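Student: Just need the structure, nothing else, for what follows:
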Amino acid sequence: MASIKNVVQDAGAVPLDLRGPVDDAFLTAFQISSIRMIYYDTDMIIRDVNRAFLENDDFTRADVIGRPMRTVMGDAIWERARPAVEAALRGEPQVTTTWGLRRATRERLMRIRHEPVFDAAGTVTGLIVLIEDTTELFELENRVSMHEEVFRQSTEAMSIVGLDFRFIWSNPATAKTWGYTAEEIIGKRLVDVIGERGFLERAKPHLDRCFSGEQVEYQFKHDFANGDIVYFELNCVPFRSSTGEVIAAAVTRRDVTSATMMKAELLRQARQDALTGLANRYALEEELEMRVAQCAATFADSDVRLSALVLVDLDGFKVVNDIAGHSAGDALLKQVADLLRTIDKVDMIARLGGDEFALVLSACTAAKVEAACQTIISGLETTPFDWDGARYSVRASVGVAMLDEEMFEATVPSIYDVINWADRACRLAKERGGSRMAVYHAADTEIQARFEETGNLRVVQDALLNGRFELYAMPIAPIDGVSGQYFEVLLRIVGTDGQMLVPAAFISAAERHQMMVPVDKWVVRNVLERLRTAPADLQLTVNLSGQSVGDPEFRDFLVAALDERPEVHGRLAFEITETSAVRSMETARDLIKALRGRGCGIVLDDFGSGLSSFGYLRKFDVDMLKIDGNIIGDVANDPVQQTIVAGIVAVAAAMDVRVVAEFVEDEQTLETLRDLGVSLVQGYHVGRPAAWSETFGR
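Tutor: A predicted model of the protein is given here:
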C-alpha cells in the first residue's frame, strides 16, 4: 500500500488507494494538507475535517463533526453529489465539478473527489472528500479561450512577429490576406509573404522601431498581383517577456481602403467644381498661395519667373440662362470649361461660381498671357452655343493680374489682393465693351477710378445699413419774387469721420450697380416722416432715379407710402430726368399718372439734354421743366443758348408748364433768364443747400 501521507499530499495528481487501517501518518497529512478534506462514514455522518476546510469555509469543528453531510453541505449540493457518493461507496473513486456557495462570498466552482476508505477486509468503511476551489483557474481558462476565439474570429488582422521577422502566431484574417491558413503562415518569413520591396519599405523600418520598445502606428498602400489596391493601417506594439524584454511585435492591421477612398473623394469634392470638373475657388486660393510665395522668393533672386492670374467673365450667359433655362446654362458652362482645357501650359483652371472662370499660369511672359487670353476670346466668338434648335453667341471679358516685381514693391500681396486686381481689370474690359482683355497696373488711372467707384459703392451700402444718410434742402425761388417757393430735397452722406460727403460720386456708383431703388425708398420714407413737423406751406421736390422710375415694384411702394399720408400730396413734386422717362416710357407714364392722380406735381429734370426733347415732351403730363444746367451755364453771353431757353419757355407756356433754370450762379444770369421768361430759378446765387434741420427745424 502506498504511503498514505504521500497520497494525501499528492491528492490532486493520482487516485487515492485507502485500503487498510488509518494510521497517524495519514491523520497528520490529512490535517496539514492545503486541500479541503472531509471524512465521513457510510451513514453519511462527518467524522473529521481538516484545517483547510474549516478555514476556507468559515466552520468550526462543532459545526460539522457528528453531523450529516446533507445538513452541512446543503440539500442542493448534496443532491448533485449523490450519484458520485453512491458510486464511491461501491468502491469506485469519483471526480465531479459543481458550483457551490461559500459563506459571505460569491458562488464558486468546486472540483470534488470522492475516495472510498477500505478496512483490512476490503470493505468500504467511509469516504474522504477532497474539495478544490477551481474558480480562478476556470475563469482564467475561459478568458484565454475567449481571447483566442476573439482573435481567431476577428475581422481585424492580428499577428505576432518575432525578432527574426517570422510569424510566431496569426489569426485567420492575417493569413487569409496573404493566401495562407493560420497554421500555414506560422514560421514563414515576412519578406517571403509580402515581398522584398514591401518588407524593406513598409515593414522593417517600423518593426525595428517597435523592437526597440516604441509603439508604432502607420498606413501604407499595397498593390496586389491581381490588380487590387488596398490601404492598410497598422499598429505595432512591443510584446514583452515576463522580465520586460521585447521578444516580438504584436501587430494589428485594419483595411482602411473604404475610409481612405472616401476621404480622398471628399477632398476631391472640396477642391472641385461639381458641374464642370474644374478646380473650385478653394483650390484656386491654395494654388495662388503657393504662387505668391514662389514669386516673393523668386524676385529676391536673379532668375525671374512670372505668374499670372486670368479671370474670365462670360458676356451673354444670363441671356442663355433666362431664355433657354438652367439646363442650357449648365451645358454652356461645360462647353466653356472644355474650351479652357485646350489652352496650353496652364497650371490650373477653376470655376469661381456663376459664369466666372480663372486660370493660373506660371513661368510665363506677358506675351504668353496675352496669347492665352486672345485664344479664349476668339475661341468663344467662333464657337457658338447651340441649344434646342437655337444658336447663341457668347463672348468673354478677360482680366489679368501679373505677379511681377511691380506688385511686390511695397509688400507681399495676399491672394485676395491678386484676385481683386484681376477682377478690376475684368470689369474694365467689360465696361469697354467686352470680348477683350485688360491687364491690371497699379498706375492705371482708369482702373483706379473703377477701384474708387467700388469704394464709393461700399459707402452707399454702409449708409443704407447704418443710417448715414442726411437730408438737405436747396431753394427753388420764383424769379418774380411773388409766387410760392419750392425746396429741392438733396442727399448727403455722413462719413465715418463725421464729415458730410457730397454724394455725386456715390450716387454714380449706386446707379451703375443697381442700388438706387433702396436709396430712393429711404428718401421717400424720411421726407414723408419729416413733413409731419415741417411748416404747413412747405413745397418740396424729390428726385427719383432712372432705376426707380423703371421699376414697377417701386411705383407700388411709392403709391402705398403716399396713400398713408394724403394730406401731403399737394406739397410734393417728383423730379424725373428726361433720359429716364424716355428709357422707361410706359412705366414712367404709369408712374406719372399715379402721382398726378394723387395731387403730386411732376418735374421733368435735365430738359434739353437730348436732341428729341420737344418730341417727347407731349408724351408726359408734367407741371414743370427744369432746363439742363449745361444750357444755362453761359446763357448771359451766348445768343444760341438764349434762343434755346426762349424756345423751351415758349413751348412750356403753350403747354401751361412752368420753367425752372438751375445753375444760376450770378445776377447777370438771373436777369437774362428773367428777360427770357423763366418762372423759377435755382443755384448758389439764389441759395445754397443746407441741412434739413437748419432750414426747417427737426
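
Student: Now do the contacts for the residue nearest to residue 571 when sequence neighbours are not counted.
Tutor: Of all residues not flanking residue 571 in the chain, residue 539 sits nearest, at 5.6 Å (Cβ to Cβ, 6 or more residues apart in numbering). Where C-beta positions appear, they are placed from N, C-alpha and C, glycine not excepted. The contact partners of residue 539, taken as Cβ atoms under 8 Å, 6 or more residues apart in numbering, are 484, 485, 486, 487, 571, 573.

Student: I'd like to know which of these is nearest to residue 60.
Tutor: Relative to residue 60, the closest of the contacts of residue 539 is residue 571; by Cβ to Cβ it sits at 117.8 Å.

Student: Domains in this structure, by residue range?
Tutor: 4-135, 154-260, 273-443, 457-696 (automatic domain parsing).

Student: that's a strand at residue 471, yeah?
Tutor: Yes - under DSSP: H, G, I helix; E, B strand; the rest coil, residue 471 falls within a strand.

Student: Contacts for stretch 40-47 next, please.
Tutor: 38-39, 64-70, 72, 85, 89, 124-127, 129.

Student: Check stretch 61-81 too.
Tutor: Contacts of stretch 61-81 (Cβ under 8 Å, 6+ apart): 38, 40, 44-49, 54, 59, 85, 96, 98, 100-101, 112, 114.

Student: Point out where the stretch 151-300 of the chain drops to low pLDDT.
Tutor: Residue ranges of the stretch 151-300 of the chain with pLDDT under 70: 151-155, 297-300.

Student: repeat that with 80
Tutor: For the stretch 151-300 of the chain, the stretches with pLDDT under 80 are 151-156, 222, 225, 264-269, 294-300.

Student: show me where it has helices.
Tutor: 172-177, 190-194, 196-198, 204-211, 257-271, 281-298 (DSSP state H, counting those that start in this stretch).

Student: Of those, which is nearest residue 314?
Tutor: Nearest of these to residue 314, taken as Cβ to Cβ: helix 281-298 at 16.5 Å.

Student: partner strands of the helix or strand that that closest one is followed by, parallel or antiparallel?
Tutor: On the C-terminal side of helix 281-298, the closest following helix or strand by DSSP states H and E is strand 306-315. Take DSSP bridges as the rule and strand 306-315 pairs in its sheet with strand 356-364 (antiparallel), strand 395-403 (antiparallel).

Student: Could you tell me how many residues sit around residue 581?
Tutor: 28 (other Cβ atoms under 10 Å).

Student: give the contact list for it.
Tutor: Taking Cβ under 8 Å, 6+ apart, we find residue 581 in contact with 549, 588, 604, 616, 620.

Student: In PyMOL, how would I select just the buried ones from the contacts of stretch 40-47?
Tutor: In PyMOL syntax, the buried subset of these is picked out as below (16 or more other Cβ atoms under 10 Å):
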select buried, resi 38+39+64+69+72+85+89+124+126+127+129
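
Student: So which of the contacts of stretch 40-47 belong to strands?
Tutor: Applying DSSP state E to the contacts of stretch 40-47, the entries found in strands are 38, 39, 124, 125, 126, 127, 129.

Student: Residue 689: what's it in contact with?
Tutor: The contact partners of residue 689, taken as Cβ under 8 Å, 6+ apart, are 472, 473, 474, 490.

Student: does the second one have beta-bridge partners, and which?
Tutor: The partner list for residue 473 in beta bridges (DSSP bridges) reads residue 489, residue 690.

Student: can you pull the contacts of it?
Tutor: Contacts of residue 473 by Cβ under 8 Å, 6+ apart are 487, 488, 489, 490, 540, 689, 690, 692, 695, 696.

Student: same thing but at 7 Å, please
Tutor: Going by Cβ atoms under 7 Å, 6 or more residues apart in numbering, residue 473 touches 487, 488, 489, 490, 689, 690, 692, 695.

Student: of those, buried ones?
Tutor: Listed as buried from the contacts of residue 473 are 487, 488, 489, 490, 689, 692, 695; burial here means 16+ other Cβ under 10 Å.

Student: and of those, the nearest to residue 673?
Tutor: Nearest to residue 673 out of the buried ones among the contacts of residue 473 is residue 488 (Cβ to Cβ; 17.2 Å).

Student: So the closest one sits against residue 471, correct?
Tutor: No - in this structure, residue 488 is not within contact of residue 471 by Cβ atoms under 7 Å, at 11.0 Å.

Student: Pull the residues that contact stretch 520-528.
Tutor: So stretch 520-528 is in contact with 464, 469, 471, 489, 491, 540, 542, 544-545, 548, 554, 557-558, 561, 565, 568, going by Cβ under 7 Å, 6+ apart.

Student: List the contacts of the closest residue to residue 84 other than its chain neighbours.
Tutor: Nearest non-adjacent residue to residue 84, counting by Cβ to Cβ, 6+ apart: residue 94, 3.8 Å away. Neighbour list for residue 94: 84, 87, 88, 114 [criterion: Cβ under 7 Å, 6+ apart].

Student: Check these and tell me the two furthest apart.
Tutor: Farthest apart among the contacts of residue 94 by Cβ to Cβ are 87 and 114. That separation is 7.6 Å.

Student: And the contacts of residue 539, which is closest to residue 397?
Tutor: residue 573 (41.4 Å).

Student: centroid residue for this structure?
Tutor: In the chain, the centroid-proximal residue (Cα atoms, centre = their mean) is residue 270; its distance is 8.9 Å.
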